[in-house]
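*Asks:* Task: produce atomic coordinates for the following.
(3 chains)
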Amino acid sequence: MSLRLEDLNPEQLAAVTLPAGHALILAGAGSGKTRVLTTRLAWLLQAGAVSPAGVLAVTFTNKAAREMLSRLTSMLAVNPRGMWIGTFHGLCNRMLRAHHQEAGLPREFQILDTQDQLAAVKRVLRSMNVDEDRFPPRDVQYFIMGKKEEGLRARDVPAGDDTARRYAELYDAYDEQCRREGVADFAELLLRSFELLSRNEPLREHYRARFRHLLVDEFQDTNRLQYRWLKLLAGPQANLFAVGDDDQSIYAFRGAHVGNMADFEREYPGARIRLEQNYRSQGNILEAANALIAHNAKRLGKNLWTAAGAGEMLRVFEAQSDADEARWMVEEIQALKREGTRLDQIALLYRSNAQSRVLEHALFTAGLPYRVYGGLRFFERAEVKHALAYLRLVASPADDNAFLRVVNFPARGIGARTLEALQDAAQAAGRNLYETALANPGKVGPFVALIESLREECMGLTLAEKTEHVLAKSGLFEHYKREREGAERLENLGELVNAAAAFSAEDAAIESGEDADPLLAFLTHAALEAGEHQAGEGQEALQLMTMHSAKGLEFNAVFVSGLEEGLFPHEQSVLEKDGLEEERRLMYVALTRARKRLYLSFAQTRLLHGQTRYNLASRFVDELPKALLKWLTPRLAEKRKPSTFTAGAFTRAVKRDPRFGGAPAGTGGAPNGFRIGQNVVHAKFGAGVIVDAEGQGSDARVQVNFGREGVKWLAVAVAKLQGA
DNA sequence: CTGAGAATGATTTTT
DNA sequence: TCATTCTCAG
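*Replies:* Numbers count the residues shown, from 1 in each chain, chains lettered A, B, ... in the order given. The predicted model follows:
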């Protein structure tokens, strides 16, 4: 256990030992960001500048929060209990639990995850007889979330046309429903905490007097409300220490506002430190990443460097097809393995999850073990959510979401009609479903009686015993035992009991504050931390994930695959405002994951949504310095002229014209010696690929995808296309 | 209530 | 293509 400052570089040391005041640390990829943040925290505590209770450190993920805490306790003997280290949502939850009355929430309020929220929105729409075609539940949910993250309640939403007004009404009705049912969605935790602090002066002053130092990780990922929350909590006295990297901002689509960094610069004068020395990648990789990101206009500016050598060149492979690309990757992986690279030190990155399929197929065929990130997390699994719904009803009967989820699961002969009648009665009485059913049992009588007895029987039991009891009495265990494919689900339910057993008083205190009710804390834990993606850890396996999921990780060898226009940058993203720059930052993140070896690949043909797409190499490949690239395949479209034109249209699925016999891809007939899938060069538009064709002889026309230049129909007789 | 078949879309993701 | 969601008949 030691706090060592000797190993820090001058910039890191400067950041760690800054005197009181505000600071913005621009921390490049692999520059030791987490280390600086935790060492800063330890240094403040050890120097006696502040007590553990006087600091608040906030991160985005539970994983990051755990890592900070564990690194801190390895440097310093501190009791984590009194410290406020956690995610934005976790800390807001803690504050709201401590002051639920002032915040207008019931003590046992439950947290809605994204799934629960959608179900809740659907109920609002149904109760208001809203046309779901005009107001799709997903859009309404997105609207509500977005407004909350801007800090706006329904009444604050600027009035617009009828549709906008209706959205605001639905938002209002949704909030009212949440209030009735004693639940809060993710954004609500933040907004409610923000409103609590802004309205309740004594409380605000209490926390302002308490927290002298606020430290923020991944500041570029904060949304507007999170930044306002920080400012409100900091007040005029506290010191804000923000660490971030605008070049790694890849979450604008979920509300992150990179502009917060520029705003911070303006609003909080103080220290500005750039951490540019990279301890991860070799020189060529960094040089490539620097050159790529230099194409972005909106940057604070930063250049990574390393004391390590140049290392290897970046290897680039052009495949005929996605399957071909996958086969090549397998070969390279086997070669790496022979050279002694551990499989878990190799990452296969892609833009979208759908791309993992081909890779998995090739890896499976080759017998290479792999692990795919993404998909359902533990607490999101249906059987686990069912079990939790019973526990939630025991803790908080007003939770209609939980009620509806399990009132007829396992089946108890309670049908849609019964529930409709119950919901109508509840609405008329302005009460929740549970109360309504209790007052007028009918068909749901046995169900509420079951919950009532569960609540009684659970008194005095430990958390794990409660969980086990609920599983047995609810019939969930029986149900899955009978089900043919229920074995895995049963296993997960067993895992849930284990999780409950492992959930300690310590966890509860950190999760929800001192003297928290273990059951409530556990339910909160389940909502705020969805758990691992899947089992299969520990085994040495290749790591397959999206470039987004790879953020923060590092590997000896990295494959960045599917570098094709339309796929990456994604065709949707280039239509979005600042979308291309965000895609480029994503590429930057992908490149900077690699320590020693970096592979880039793209395929001429890719099967997507059941149709063959003909693609051109991503512009991001062109944006890398040629001198750093080692082509493993002959560069076919070398002649392509660079262009500044960024038309929106990209490869469309090829609709094969029956006049050409609907021949398979690549061999399809097209007029005058051209065929679908063929690479061509046009004098003005550069390289392209034939995507469709029609007509014969002098009327013949072909549709060509020129990537950035868009997709164009050209008359063969006029266009003078060259075969490439 | 259940199961079969149709319809529907389909970046990226944490809390 | 394919996975999920919806609809309707039994």
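
*Asks:* Could you use CA atoms for every contact and neighbour count after this?
*Replies:* Fine.

*Asks:* quick one: contacts of the longest helix seen in chain A?
*Replies:* Ranked by number of residues, the top helix in chain A under DSSP state H is helix A:162-181. Here helix A:162-181 makes contact (C-alpha atoms under 8 Å, 6 or more residues apart in numbering) with A:105, A:120-121, A:124-125, A:140, A:143-144, A:153-155, A:157, A:159, A:184, A:398-400, A:431-432.

*Asks:* Kindly recompute the last result at 6 Å.
*Replies:* With contacts defined as C-alpha atoms under 6 Å, 6 or more residues apart in numbering, helix A:162-181 is touched by A:144, A:154, A:159, A:398, A:399.

*Asks:* One more: stretch A:83-95?
*Replies:* A:52-53, A:56-61, A:65, A:189-190, A:193, A:512-513.

*Asks:* pLDDT-wise, which helix or strand of chain A ranks last?
*Replies:* Sorting the helices and strands of chain A by mean pLDDT, DSSP states H and E puts helix A:505-512 at the bottom, at a mean of 71.

*Asks:* what about that one, distance to the chain center?
*Replies:* How far helix A:505-512 lies from its chain's middle: 25 Å, per C-alpha atoms, centre = their mean, to the nearest Å.

*Asks:* how about the strands of the stretch 551-700 of chain A, start to end?
*Replies:* For the stretch 551-700 of chain A, the strands identified by DSSP state E, counting those that start in this stretch occupy A:555-560, A:594-608, A:611-614, A:629-631, A:679-682, A:686-694, in order along the chain.

*Asks:* So what's the model's average confidence on the last one?
*Replies:* Summarised as a single mean, pLDDT over strand A:686-694 is 76.

*Asks:* on that earlier part again, with just CA atoms, put the least confident helix or strand of chain A into CSV.
*Replies:* Listed in CSV are the C-alpha atoms of helix A:505-512, where the atom choice follows Å, rounded to 0.1, in the frame of the first residue of the first chain:
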residue,chain,number,x,y,z
ALA,A,505,-24.2,-4.8,4.0
GLU,A,506,-21.1,-3.0,2.7
ASP,A,507,-22.5,-3.1,-0.8
ALA,A,508,-25.8,-1.8,0.4
ALA,A,509,-24.2,1.1,2.2
ILE,A,510,-22.2,2.1,-0.8
GLU,A,511,-25.2,1.6,-3.1
SER,A,512,-27.8,3.4,-1.2
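
*Asks:* and after that helix, which helix or strand comes next?
*Replies:* Next in sequence after helix A:505-512, counting helices and strands by DSSP states H and E, comes helix A:518-528.

*Asks:* tell me the angle that following helix makes with helix A:505-512.
*Replies:* 60 degrees (axes from the mean of the first three to the mean of the last three C-alpha atoms, to 10 degrees).

*Asks:* And helix A:518-528, how far out from the chain middle?
*Replies:* 21 Å.

*Asks:* and if you look at stretch A:623-634?
*Replies:* 31 Å.

*Asks:* and what of stretch A:141-152?
*Replies:* On C-alpha atoms, centre = their mean, the centre of stretch A:141-152 falls 17 Å from that of its chain.

*Asks:* what does stretch A:15-32 give?
*Replies:* On C-alpha atoms, centre = their mean, the centre of stretch A:15-32 falls 25 Å from that of its chain.

*Asks:* now do the same end-to-end measure for that stretch.
*Replies:* End-to-end span of stretch A:15-32 (C-alpha to C-alpha, to the nearest Å): 11 Å.

*Asks:* Would you indicate which residues of it are buried?
*Replies:* A:15-17, A:20, A:22-32 (16 or more other C-alpha atoms under 10 Å).

*Asks:* Same check on stretch A:414-432?
*Replies:* Quick answer for stretch A:414-432 (16+ other C-alpha under 10 Å): A:419, A:422, A:423, A:425, A:426, A:431, A:432.

*Asks:* Kindly identify which of those residues also come near DNA strand C.
*Replies:* Applying C-alpha under 7 Å from any atom of the strand to these, one finds that nothing falls near DNA strand C.

*Asks:* wait, which of these is closest to DNA strand B?
*Replies:* Closest to DNA strand B out of these is residue A:419 (9.1 Å), distances taken as C-alpha to the nearest atom of the strand.

*Asks:* average pLDDT across the helix or strand hosting that closest one?
*Replies:* Element membership of residue A:419, judged by DSSP H and E, is helix A:416-429. The pLDDT scores in helix A:416-429 average 87.

*Asks:* Could you do stretch A:451-469 as well?
*Replies:* So the average pLDDT for stretch A:451-469 ends up being 94.

*Asks:* Output that stretch as CSV - backbone C-alpha positions only.
*Replies:* Extracted C-alpha coordinates of stretch A:451-469, given in CSV (Å, rounded to 0.1, in the frame of the first residue of the first chain):
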residue,chain,number,x,y,z
ILE,A,451,-47.8,-11.3,-2.5
GLU,A,452,-49.3,-10.4,0.9
SER,A,453,-48.2,-13.7,2.3
LEU,A,454,-44.8,-13.4,0.7
ARG,A,455,-44.3,-10.1,2.4
GLU,A,456,-45.2,-11.5,5.7
GLU,A,457,-43.1,-14.6,5.3
CYS,A,458,-40.1,-12.6,4.2
MET,A,459,-39.9,-10.7,7.4
GLY,A,460,-36.7,-11.5,9.2
LEU,A,461,-35.3,-13.5,6.4
THR,A,462,-31.9,-12.7,4.9
LEU,A,463,-31.8,-11.3,1.4
ALA,A,464,-30.8,-14.6,-0.1
GLU,A,465,-33.5,-16.5,1.8
LYS,A,466,-36.1,-14.0,0.7
THR,A,467,-35.0,-14.5,-2.9
GLU,A,468,-35.1,-18.2,-2.6
HIS,A,469,-38.5,-18.1,-0.9
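
*Asks:* got the buried residues for that stretch?
*Replies:* A:451, A:454, A:455, A:458, A:463, A:464, A:466, A:467, A:468, A:469.

*Asks:* so residue A:5 sits in a strand?
*Replies:* No - per DSSP: H, G, I helix; E, B strand; the rest coil, residue A:5 lies outside any strand segment and is coil.

*Asks:* three-state assignment of residue A:301?
*Replies:* Classified using three-state DSSP, residue A:301 is coil.

*Asks:* go on, residue A:126?
*Replies:* Relying on three-state DSSP, one would call residue A:126 helix.

*Asks:* Could you check how far it is from residue A:137?
*Replies:* 10 Å.

*Asks:* Then residue A:610?
*Replies:* 28 Å.

*Asks:* Mind checking which of these two has more residues around it?
*Replies:* For residue A:610 and residue A:137, the more surrounded residue by other C-alpha atoms under 10 Å is residue A:137, and the numbers stand at 22 against 8.

*Asks:* Quick one: residues contacting the more buried one.
*Replies:* Per C-alpha under 6 Å, 6+ apart, neighbours of residue A:137: residue A:122.

*Asks:* try 8 Å
*Replies:* Residue A:137 neighbours (C-alpha under 8 Å, 6+ apart): A:118, A:121, A:122, A:125.

*Asks:* Distance check, it against DNA strand B.
*Replies:* Here residue A:137 is placed at a distance of 11 Å from DNA strand B (C-alpha to the nearest atom of the strand, to the nearest Å).

*Asks:* one step back: among the strands of the stretch 551-700 of chain A, which comes closest to residue A:390?
*Replies:* With C-alpha to C-alpha as the criterion, residue A:390 lies closest to strand A:594-608 of the strands of the stretch 551-700 of chain A, at 41.0 Å.
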